[in-house]
Structure formats: structure tokens, C-alpha cells
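J.: Here's a sequence, model it:
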Amino acid sequence: MLDLTTWNLSIPTEPTPTTITTERLNNGYQSRYFRRNGDGSVTFWVPVTGSTTEDARYPRSELRETQRDGSLSNWQHASSDSYLSAVLQVDQVIRPYTPQP
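T.: Got it, this is the predicted structure:
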């Protein structure tokens, strides 16, 4: 089971991304962008045309590490002592139609 007690969630809602707080995420939050599955895994969904954060080029649904009180946890990659192991599956990629000249 994925422990989400120190995470919040950013989702690409329109017109701007929405942050789901640590508290809300841990009180059963689910949507088309994020859901928990019966086997303990989670599913993220991102529309190709979704909104982006200020410094991002592409839309995304992502977890952001927090402290237990929900405040952001900022650390430098070089000082990290943690790791992430994941199995990923892309079920479908749909790109918006772009007419050719």
C-alpha cells in the first residue's frame, strides 16, 4: 500500500492546476485524475490538453512531498537518501489532431 501521509497532489484542471492537500488526499480523495485501486496501486490520468504549472511544458498529475503538517518538503536531489520503485503502464496516448500543410 502506498503511504500518502506526507504527500499532496497536483492535477491539471482547467484553467489552472489544482493542488489537493495532504489532508484531503488522505481522506479518500479520488477523481478522474487520481484513484486508488483495490490491489494497493494508484492510477494517474492526464489529458494531453490539460493545464500546466508555471515552469512546466506538459500537463501532469503528480505527487509532491510534504511534511506531516502538509507544508512543502523542499530538498536537493543530491542530498536525498530515498528511492522510488514503480511499475508503470501507459494505456493510451491521444494527441490532438494537427493538420499538415
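J.: Poorly predicted segments of the chain, please.
T.: Residue ranges of the chain with pLDDT under 70: 1, 95-101.
J.: Run through the helices of this protein in chain order.
T.: Using DSSP state H, the helices found in the chain span residues 22-25.
J.: which ones are touching Pro47?
T.: Contacts for Pro47 (C-beta atoms under 8 Å, 6 or more residues apart in numbering) come out as 12, 59. C-beta here means a position set from N, CA and C on the backbone, and glycine is covered the same way.
J.: Ile11: what's its closest spatial neighbour, skipping adjacent residues?
T.: Nearest non-adjacent residue to Ile11, counting by C-beta to C-beta, 6 or more residues apart in numbering: Tyr33, 4.0 Å away.
J.: For that neighbour, the count of nearby residues, please.
T.: 23 (other C-beta atoms under 10 Å).
J.: what residues are up against the residue nearest to Pro15 when sequence neighbours are not counted?
T.: Of all residues not flanking Pro15 in the chain, Ser51 sits nearest, at 6.2 Å (C-beta to C-beta, 6+ apart). When contacts are counted by C-beta under 8 Å, 6+ apart, Ser51 touches 12-17, 59.
J.: Would you enumerate the residues in contact with the residue nearest to Ile11?
T.: Taking C-beta under 8 Å, 6+ apart as the criterion, Tyr33 is in contact with 9, 11-13, 44-46, 61.
J.: Those residues: which two are farthest apart?
T.: Spanning the widest gap among the contacts of Tyr33 are Thr13 and Phe44, at 13.7 Å by C-beta to C-beta.
J.: Distance check, the nearest residue to Asn37 once chain neighbours are set aside against Ser51.
T.: Spatial nearest neighbour of Asn37, chain neighbours left out: Thr43 (6.2 Å); criterion: C-beta to C-beta, 6+ apart. According to C-beta to C-beta, to the nearest Å, Thr43 stands 20 Å off from Ser51.
J.: Same question for Leu9.
T.: From Leu9 over to Ser51 the distance is 14 Å, taken as C-beta to C-beta.
J.: And Trp75, by the same measure?
T.: Noted for Trp75: a distance of 26 Å to Ser51, by C-beta to C-beta.
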